[in-house]
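J.: how would this look folded up:
(one chain, ligands or ions: 1)
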Amino acid sequence: MYEIGHFIGGKRVAGSSGRTANVFNPATGEVQAKVALASDAEIHAAVENAKAIQPAWAATNPQRRARVFMKFVDLLNQNMQELAEMLSREHGKTVEDSKGDIVRGLEVCEFVIGIPHLSKSEFTEGAGPGIDMYSIRQPVGIGAGITPFNFPAMIPMWMFAPAIACGNAFILKPSERDPSVPIRLAELMIEAGLPAGILNVVNGDKSAVDAILADPDIGAVSFVGSTPIARYVYGTAATNGKRAQCFGGAKNHMIIMPDADLDQAANALMGAGYGSAGERCMAISVAVPIGEETANRLIDKLTPMVESLRIGPYTDDKADMGPVVTKEARERILGLIEKGVEQGANLAVDGRDFKLQGYEDGYFVGGCLFDNVTPDMDIYKTEIFGPVLSVVRAKNYEEALELPMKHEYGNGVAIYTRDGDAARDFASRINIGMVGVNVPIPVPLAYHSFGGWKSSSFGDLNQHGTDSIKFWTRTKTVTSRWPSGIKDGAEYIMPTMK
Ligand code: NAD
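T.: Residues are numbered from 1 along each chain as shown. Down below sits the predicted model:
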């Protein structure tokens, strides 16, 4: 049993609110830690701390800021195994998968090493007679990030790396389910040379989020989590005059054309549907084979693969996936599967009774595969966020295209085909933010940007890539004219506008 406090002013501090939450080991169901839940006063103290030091950080030249990230990337690589195990112990995902979580964050830290170049400004010489005009980007001041449980390394880094590289101070409020890694990341940032007080980690729940949203000194808020909370954070931040980017839930479809390589598509569906027990916002949760023959062949291929998924605790290095994050998550997922059966979907692989010997109290759910799912069913409309794949059969391409087009969410989507014309048409017409062509999880790399459409995202600037530099900075445009005089010598006639 261990205790997790906050990280304020460059060091770990204990919580003082008297409120804590349990941190579970999802593989065993045991409470392994208590995490402090911050009070308004603790959030305020972190902000005050950040406010005092931020101007000096903003005034530090960008190549020096970049060097902190060079060292940090080095430290992440050196500490990869320790970080991955720490992450898996609280999240439940396999250690290899946790390394992926860290590496996808690390790549954004590599991207921001380019901050001297990324933050250069625009200049127009001679915008008018003797007039020059330039636009500079200055840090917002203090930024805040509120992050979900499913990527406790990647998403905090997606937020704090560009924010800090741009010269901001940062308040991170991680998920209370797996809070150890974010604090360790902050410690490594100090070791990399970041001045104390620039990156603060304050643990907490809704009350801490509300204190962040009410704080007048926080200028920008980035949120990743479920759609109802994303909508709430976006609305409240905007009402309080802050800029906000809020990313929500998903229901990602994969269209499988009759000409697709079905072995490749089935393998892709296994990884994208069941990896991390389906707890990814870019997981594929709906497969849409076109035509009865494609659908039958796909189900025949997937059934034995789902049945033979290897499920285990993170310490099992051969496991394909681990448990889900909490008992409540498990119950919610099982409840939705029950509804799917009641509403007439065909549960081709039923993982509801899965039990792992020695881990009977762990939050495991066996892989489930539904066939003949229809758009009116709850399992189609809702983000299940578990190891459950739904197959919706479509007669033709247009019918398949309509499904993700009409869905509430618009995070990711994929098409599997050998036909370039179909793929091109699909990428052009689909109303979804991230599109994969024969790629199941099209998460853009650090130098492009990540974000969905529709109810998967609120706000106009995406995460990482050049969007993130825009989000964490404000534009200032200067129009400047210098009176002529000295170089021309004295003037003896009455001055007029020449
Ligand atoms: P969540 O919405 O429960 O929690 C996210 C954050 O909000 C946490 O820090 C939590 O403490 C805080 N929070 C919880 N309830 C709150 C409330 N009532 N008011 C204010 N703040 C509150 O999400 P989660 O379960 O941690 O994460 C899973 C969700 O995140 C899924 O819906 C998934 O699709 C989504 N997600 C989206 C993306 C994306 O980029 N679009 C990426 C990862 C995860």
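
J.: how's the chain carved up into domains?
T.: 2-246+457-478, 252-437 (automatic domain parsing).

J.: for these, give me TSV that also has distance to Ala446 and mean pLDDT.
T.: Yep, even glycine has a C-beta here, placed from its N, CA and C like the rest. What follows is these, written out as TSV (distance: least, Cβ to Cβ, whole Å; pLDDT from 0 to 100):
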stretch	distance to Ala446	mean pLDDT
domain 2-246+457-478	4	98
domain 252-437	14	98
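
J.: could I get these as TSV with distance to Lys487 and mean neighbour count?
T.: Shown next, in TSV, are the domains of the chain (distance: least, Cβ to Cβ, whole Å; neighbours: other Cβ atoms under 10 Å):
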stretch	distance to Lys487	mean neighbour count
domain 2-246+457-478	12	20
domain 252-437	54	19
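
J.: quick one, what contacts Thr147?
T.: Thr147 sits next to Ile155, Pro156, Met159, Leu172, Lys173, Pro174, Ser175, Pro182, Val224, Gly225 when contact means Cβ atoms under 8 Å, 6 or more residues apart in numbering.

J.: and the domains of the chain as CSV, adding distance to the ligand?
T.: Listed next are the domains of the chain as CSV, based on distance: least, Cβ to the nearest ligand atom, whole Å:
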stretch, distance to the ligand
domain 2-246+457-478, 3
domain 252-437, 3
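
J.: of all those domains, which one is nearest Ala490?
T.: With Cβ to Cβ as the criterion, Ala490 lies closest to domain 2-246+457-478 of these, at 19.0 Å.

J.: now the residue lying closest to Leu262 once chain neighbours are set aside, what's its secondary structure?
T.: Closest residue in space to Leu262, ignoring its immediate chain neighbours: Arg297 at 5.7 Å, by Cβ to Cβ, 6 or more residues apart in numbering. For Arg297, the assignment made with DSSP: H, G, I helix; E, B strand; the rest coil gives helix.

J.: and the gap between Arg297 and Val413?
T.: In this view, Arg297 and Val413 are 22 Å apart by Cβ to Cβ, to the nearest Å.

J.: one step back: pretty sure the residue nearest to Leu262 sits against Asp263.
T.: No. Using Cβ atoms under 8 Å, Arg297 is not in contact with Asp263; the gap is 10.1 Å.

J.: for Arg481, give me the pLDDT.
T.: We have a pLDDT of 91 for Arg481.

J.: beta partners for it?
T.: According to DSSP bridges, the partner residues bridging Arg481 are Ile131.

J.: list the contacts of it.
T.: Gly128, Gly130, Ile131, Asp132.

J.: returning to what we had before: what about the contacts of Thr147, which are in strands?
T.: Leu172, Lys173, Val224 (DSSP state E).

J.: roughly how far does the residue lying closest to the second one once chain neighbours are set aside sit from Ile164?
T.: Same thing as Lys173. Nearest residue to Lys173 in three dimensions, chain neighbours excluded: Ile146, at 4.8 Å (Cβ to Cβ, 6+ apart). Distance of Ile146 to Ile164, computed by Cβ to Cβ: 16 Å.

J.: please apply the same query to Gln32.
T.: Counting by Cβ to Cβ, the separation of Gln32 from Ile164 is 30 Å.

J.: next: Asp376.
T.: 46 Å.

J.: also Phe151?
T.: With the distance defined as Cβ to Cβ, Phe151 ends up 18 Å from Ile164.

J.: likewise for Pro323?
T.: 34 Å.

J.: next: His117.
T.: With the distance defined as Cβ to Cβ, His117 ends up 17 Å from Ile164.

J.: reformat the contacts of Thr147 as TSV; add distance to Tyr2.
T.: Shown next, in TSV, are the contacts of Thr147 (distance: Cβ to Cβ, whole Å):
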residue	distance to Tyr2
Ile155	23
Pro156	20
Met159	25
Leu172	20
Lys173	20
Pro174	16
Ser175	17
Pro182	15
Val224	26
Gly225	25
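
J.: quick check: the farthest pair among the residues you listed?
T.: Of all pairs in these, the most separated under Cβ to Cβ is Pro182 and Gly225 at 14.4 Å.

J.: what are the ranges of the helices in the stretch 101-250 of the chain?
T.: For the stretch 101-250 of the chain, helices defined by DSSP state H, counting those that start in this stretch occupy the ranges 115-118, 154-165, 180-191, 206-214, 227-239.

J.: could you dump those helices to TSV with distance to Asp425?
T.: Formatted as TSV, those follow (distance: least, Cβ to Cβ, whole Å):
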stretch	distance to Asp425
helix 115-118	34
helix 154-165	31
helix 180-191	42
helix 206-214	42
helix 227-239	29
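
J.: of all those helices, which one is nearest Gly358?
T.: helix 180-191 (24.1 Å).

J.: which helices and strands does the closest one pack with?
T.: If contacts are counted by 3 or more Cβ pairs under 8 Å, 6 or more residues apart in numbering; DSSP states H and E, helix 180-191 sits against strand 6-8, helix 62-78, helix 80-91, helix 154-165, strand 199-201.

J.: which one of the helices of the stretch 101-250 of the chain lies nearest to Ser468?
T.: That would be helix 154-165 among the helices of the stretch 101-250 of the chain, by Cβ to Cβ, at 3.8 Å.

J.: who are the packing partners of that closest one?
T.: Using 3+ Cβ pairs under 8 Å, 6+ apart, helix 154-165 is in contact with helix 62-78, helix 95-112, strand 142-146, strand 169-173, helix 180-191, strand 220-224, helix 465-471.

J.: surely Ser180 and Met86 touch.
T.: Yes. Assessed by Cβ under 8 Å, Ser180 is found in contact with Met86 at 5.2 Å.

J.: for the nearest residue to Ala21 once chain neighbours are set aside, give me phi and psi.
T.: Closest residue to Ala21 apart from its sequence neighbours, by Cβ to Cβ, 6+ apart: Glu176 at 4.8 Å. Glu176 adopts backbone torsions of phi -80, psi -10, taken as degrees, to the nearest 10.
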